[in-house]
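> Give me coordinates for this.
(one chain, ligands or ions: 1)
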Amino acid sequence: MRFLSSADFLDLWERGFRLHPLDQALLILGMGLPEVSYDGLADWPLGRRNAALIELRCACFGPHLRSWVTCPSCGEKLECDLDGRAFTTVTAGSRKTIDPIVVNGCSYRLPTSRDLAQVAHERSPFEAAVRLVESCCMKDGEPPDLNEKELEEVGERLASADPLAEILVGLRCPMCGNESSEILDIGSFFWTEIEARAKQLLFAVHRLAERYGWTEQEVLSLSEHRRAFYLEMVHG
Ligand SMILES: [Zn+2]
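Alright, predicted model coming up:
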């Protein structure tokens, strides 16, 4: 996996800011894994995609993933601080090829980013789940018409076969004691940080170019430590 430079953050932001979050996640991964094609990444199971995003994110910004969520019961703001290294044991498993699951004699492969993109515009979460399961069905011809219980079983089996496909974070509110869980969308989380870093870099380029007459490339090629020092001098 390739480490992302300051120029990469700006390039990613410029190319991806109008894209759908699913495409933004693949764009980031493609920058870190230039040897894998965009289509190849779109066909990775979601757990493998998420594991690679966590690895790249921790290499770029360190192991702590901090965010704020609102308690659904009392509205208190809760700080969520995850250690990306805690996913190491799960991510090791996610690199293995996982066999399709079989329910009622029909095989289903793990869902990918491409499958999610196909159901992104469904009107309800239920319809999206039905279409997702249908697109993972490996049977030739029409997919079987599943009842609610069978659909649930396929969903549960797929989730336990690929535990990082959906990262659930358990939270307990210190104010009201309410326990809840939040989905960590690592692609959107990482994108928000890349966007913030890109804007910070553009600000640094603007200030240092204005003061010293340096080009964008010259400012970006400085180490973070040096750039911070010069910015401090400019700000006085
Ligand atoms: Zn609360």
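
> okay, CA-based contacts and neighbour counts for the rest of this
Noted.

> what separates the helix or strand hosting H225 from the chain centre, distance-wise?
Following DSSP states H and E, one finds H225 within helix 224-235. With Cα atoms, centre = their mean, to the nearest Å as the basis, helix 224-235 stands 31 Å off its chain's centre.

> buried stuff in the helix or strand harbouring Q118?
Using DSSP H and E, Q118 sits within helix 113-119. Going by neighbour count (16 or more other Cα atoms under 10 Å), the buried part of helix 113-119 is 113-116, 119.

> could you dump the residues you listed to CSV with pLDDT and distance to I167?
Below are the buried residues of helix 113-119 laid out as CSV (pLDDT from 0 to 100; distance: Cα to Cα, whole Å):
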residue, pLDDT, distance to I167
S113, 97, 15
R114, 97, 19
D115, 96, 18
L116, 96, 15
V119, 94, 19
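
> about what we covered before: return the set of buried residues in the next helix or strand after the helix holding Q118.
Next along the chain after helix 113-119, taking DSSP H and E as the criterion, comes helix 125-136. For helix 125-136, burial by neighbour count (16+ other Cα under 10 Å) applies to 128-136.

> Just give me the closest of those to D8.
L132 (33.0 Å; Cα to Cα).

> List the contacts of the closest one.
111, 115-116, 118-119 (Cα atoms under 8 Å, 6 or more residues apart in numbering).

> ok, it to L65 distance?
29 Å (Cα to Cα, to the nearest Å).

> Which secondary structure state does the residue nearest in space to the middle of the chain sit in?
By Cα atoms, centre = their mean, the chain has its centre lying nearest to G187, at 1.9 Å. G187 carries the three-state label helix when classified by DSSP: H, G, I helix; E, B strand; the rest coil.

> Once you drop chain neighbours, what's closest to it?
Distances taken as Cα to Cα, 6 or more residues apart in numbering put A25 closest to G187, at 4.7 Å, once the chain neighbours are dropped.

> Which helix or which strand is home to that neighbour?
Per DSSP H and E: helix 21-32 holds A25.

> Other residues contacting that helix?
Taking Cα under 8 Å, 6+ apart as the rule, helix 21-32 contacts 1-4, 8, 12, 16-17, 36-38, 41-42, 52-53, 56, 113, 117, 187-188, 191.

> so after the helix or strand hosting A159, what's the next helix or strand?
Counting by DSSP H and E, the element that carries A159 is helix 148-161. As assigned by DSSP H and E, the chain's next helix or strand after helix 148-161 is strand 167-172.

> Read off the pLDDT value for the spatially closest residue to L116 that is not a sequence neighbour.
Spatial nearest neighbour of L116, excluding adjacent residues (Cα to Cα, 6+ apart): L132 at 6.9 Å. pLDDT recorded at L132 is 94.

> how big is the angle separating the helix holding A159 from helix 125-136?
70 degrees (axes from the mean of the first three to the mean of the last three Cα atoms, to 10 degrees).

> For helix 148-161, buried residues please.
Residues 151, 154-155, 157-159, 161 are the ones in helix 148-161 that count as buried (16+ other Cα under 10 Å).

> Present the residues you listed as TSV; the columns should include distance to C71.
TSV is the format used below for these (distance: Cα to Cα, whole Å):
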residue	distance to C71
L151	30
V154	31
G155	27
R157	29
L158	29
A159	25
A161	30
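
> and of those, the nearest to D81?
After measuring these against D81 - Cα to Cα - the closest member comes out as A159, at 23.7 Å.

> rewinding a little: can I get the buried residues of helix 113-119 in a markdown table including distance to E142?
Converted to a markdown table, the buried residues of helix 113-119 look like this (distance: Cα to Cα, whole Å):
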| residue | distance to E142 |
| --- | --- |
| S113 | 22 |
| R114 | 19 |
| D115 | 17 |
| L116 | 20 |
| V119 | 17 |
